[in-house]
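Peer 1: sequence first, predicted model second:
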Amino acid sequence: MVSKILSVVGARPNFMKIAAICEAIEEHNGRSTGRRIEHLLVHTGQHYDTNMSDFFFNDLELPKPNLFLGVGSGSHSVQSAKVMEGFEGVLLAESPDIVVVVGDVNSTVACALVTKKTWCSRTNDKAFIPKLAHVEAGLRSFDRSMPEEVNRVVTDALSDYLFTTEESANLNLEREGVPSDKIHFVGNVMIDTLLRHRSKAMESTILGDLQLFEGAQLKPYAILTLHRPANVDDSQKFANMLEAFLEVSRHVPIIFPAHPRTLKQIQEGDLGDYFVDHFLGKPDPWDSRVRIRLVPPLGYLDFVQLMSHAKVVFTDSGGVQEETTILGVPCITLRDNTERPVTLQHGNVLVGADPQKIITEFLCVLQGNRPEPKIPRYWDGHSARRIVRILTEEQGPACLSRASAPAEPAVIEIPRHP
């Protein structure tokens, strides 16, 4: 039986995914009569800003990482090389049975490559290559210009366990020739974390902090998250999108928690006139109606609270598409494609960077012309438990393959959008 699992995090989207797995392993150790899992958490330091890392560890009650590589920023190649160099030493020192990587960031693919090219050894044992488990496998945008897509494809090709979140991912892997006994349809660990922490998030004071109440009444507002190079690196394209958001802001305030990279592009592109800056002070209420409200990056609980009550969310983030699906909040995705097509069946809509489409879809939200929200299959809060069960072979190594999916979960009530 598996005795040692090493999990890797590196960037903000990883934290929400690995939190559920950490909890499921702890739960396993608390109830198992067999061998306990020795679990090590490695943080590569790909996201090194306090607001992008430490806040999330605190909010998600993640254990302190056993090892921190501190790779920091750099180009895709430089950052990946630093992760690979640091992670090789970790593998040789720890010799885990299984390495768990999540998502599609540079840390994911770098650690996957090192895992499958490193021979580990223990006293009196034969040398071995650790097994590799990819959580959130099989997602495809079919756009190889996206670095994340390359990371996904390479990681999946190397993995021994491929844990999928939706049916499209299963089909993608099968088309790519992945043996069916490696594919395990378990659901979405990000949703495990969201459901677990949602009640705690409701204690956040972020709505009052951002002056979103008028008396005791919560005002309608929108959220914007924007960070992908395809959207923010071209200052003219970015400015055209901001013009559309200015039009939206005439109807509802737009709250924009700025990713550090996006903030840098705003400064370098001389786009500051589009924003009223919460970094510097509280906005005048009139100013919020003609400019976008720029705020610092938010912790997980604050963002869940803010997202839960939003009239609409504009985003180019994959994870936000999934979270709004569960929360029943309309999502307008600022991309031409998505690797999460199940969200398109549950209220998400793609508009790319087209200003007119942004405005048109927003007006549809105002008019209430949106489908009723539904829960995708197996997004029930138990995905991480299924993963740990498979990795420890408590019910057989292929117990949750596509041919043997888990029982239909209990119905989860979707909150009505305010």
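Peer 2: Received, thanks. Numbering: from 1, shown residues only.
Peer 1: what's the closest non-adjacent residue to residue 237?
Peer 2: Once flanking residues are discounted, residue 237 sits nearest to residue 353: 5.8 Å by C-beta to C-beta, 6 or more residues apart in numbering. Heads up, the C-betas are built off the backbone N, CA and C, glycines and all.
Peer 1: and that neighbour, what pLDDT?
Peer 2: As predicted, residue 353 sits at a pLDDT of 97.
Peer 1: can you check residue 409 too?
Peer 2: Note on residue 409: pLDDT of 40.
Peer 1: with residue 380 instead?
Peer 2: Predicted confidence (pLDDT) for residue 380: 96.
Peer 1: now it: how far from residue 173?
Peer 2: 22 Å (C-beta to C-beta, to the nearest Å).
Peer 1: ok, now residue 337?
Peer 2: 18 Å.
Peer 1: re the thing from before, the residue nearest to residue 237 contacts residue 239, correct?
Peer 2: No - contact criterion C-beta atoms under 8 Å: residue 353 and residue 239 do not qualify, at 10.8 Å.
Peer 1: more crowded one of residue 337 and residue 173?
Peer 2: For residue 337 and residue 173, the more surrounded residue by other C-beta atoms under 10 Å is residue 173, and the numbers stand at 24 against 14.
Peer 1: please name the nearest non-neighbouring residue to that one.
Peer 2: Residue 173's closest residue in space is residue 138 (C-beta to C-beta, 6+ apart), at 4.4 Å.
Peer 1: got the contact list for that neighbour?
Peer 2: Residue 138 makes contact with 156, 162, 164, 168, 169, 170, 172, 173, 183 under the criterion C-beta atoms under 8 Å, 6 or more residues apart in numbering.
Peer 1: now with 10 Å, please.
Peer 2: Going by C-beta atoms under 10 Å, 6 or more residues apart in numbering, residue 138 touches 152-153, 156, 159, 162-176, 178, 183, 185, 339.
Peer 1: before we move on, what about residue 326?
Peer 2: Counting by C-beta under 10 Å, 6+ apart, the residues that residue 326 touches are 188, 190-191, 194-195, 198, 308, 343, 346, 373, 375-376, 379, 381, 412, 414-415.
Peer 1: one more pass at 6 Å, please.
Peer 2: With contacts defined as C-beta atoms under 6 Å, 6 or more residues apart in numbering, residue 326 is in contact with residue 191.
Peer 1: break the chain down into its domains, please.
Peer 2: For the chain, automatic domain parsing gives the domain ranges 4-188+378-404, 205-366.
Peer 1: how long is the shortest one end to end?
Peer 2: Just to be clear, that refers to domain 205-366. Distance between the boundary residues of domain 205-366 (C-alpha to C-alpha, to the nearest Å) amounts to 26 Å.
Peer 1: do stretch 151-171 as well
Peer 2: By C-alpha to C-alpha, the extent of stretch 151-171 from end to end equals 18 Å.
Peer 1: now stretch 133-153
Peer 2: As for stretch 133-153, its first-to-last residue distance stands at 14 Å under the measure C-alpha to C-alpha.
Peer 1: tell me the average confidence for that stretch?
Peer 2: 96.
Peer 1: for the chain, where's the lowest mean pLDDT among helices and strands?
Peer 2: Across the helices and strands of the chain, mean pLDDT, DSSP states H and E gives its lowest value to helix 54-59, namely a mean of 78.
Peer 1: and that helix, what does it pack against?
Peer 2: helix 300-308 (3 or more C-beta pairs under 6 Å, 6 or more residues apart in numbering; DSSP states H and E).
Peer 1: what does the helix or strand that comes right after the helix it packs on rub up against?
Peer 2: Proceeding N to C from helix 300-308, the next assigned helix or strand is strand 312-315, under DSSP states H and E. Residues outside strand 312-315 that contact it (C-beta under 6 Å, 6+ apart): 222, 223, 224, 225, 324, 329, 330, 331, 332, 365.
Peer 1: give me that answer again for 7 Å
Peer 2: Applying C-beta atoms under 7 Å, 6 or more residues apart in numbering, the set of residues contacting strand 312-315 from outside is 222-225, 307, 320-321, 324, 329-334, 362, 365.
Peer 1: please apply the same query to stretch 202-212.
Peer 2: 213, 218-219, 221, 255, 282, 295, 298, 301-302, 305-306, 309.
Peer 1: how long is that stretch from one end to the other?
Peer 2: End-to-end distance of stretch 202-212 (C-alpha to C-alpha): 15 Å.
Peer 1: confirm that residue 104 sits in a strand.
Peer 2: No - assigned with DSSP: H, G, I helix; E, B strand; the rest coil, residue 104 falls outside any strand and is coil.
Peer 1: nearest residue to residue 331 other than its sequence neighbours?
Peer 2: Using C-beta to C-beta, 6+ apart and skipping residues adjacent in sequence, the residue nearest residue 331 is residue 324, 4.0 Å away.
Peer 1: give me the number of residues near residue 130?
Peer 2: With other C-beta under 10 Å as criterion, residue 130 counts 22.
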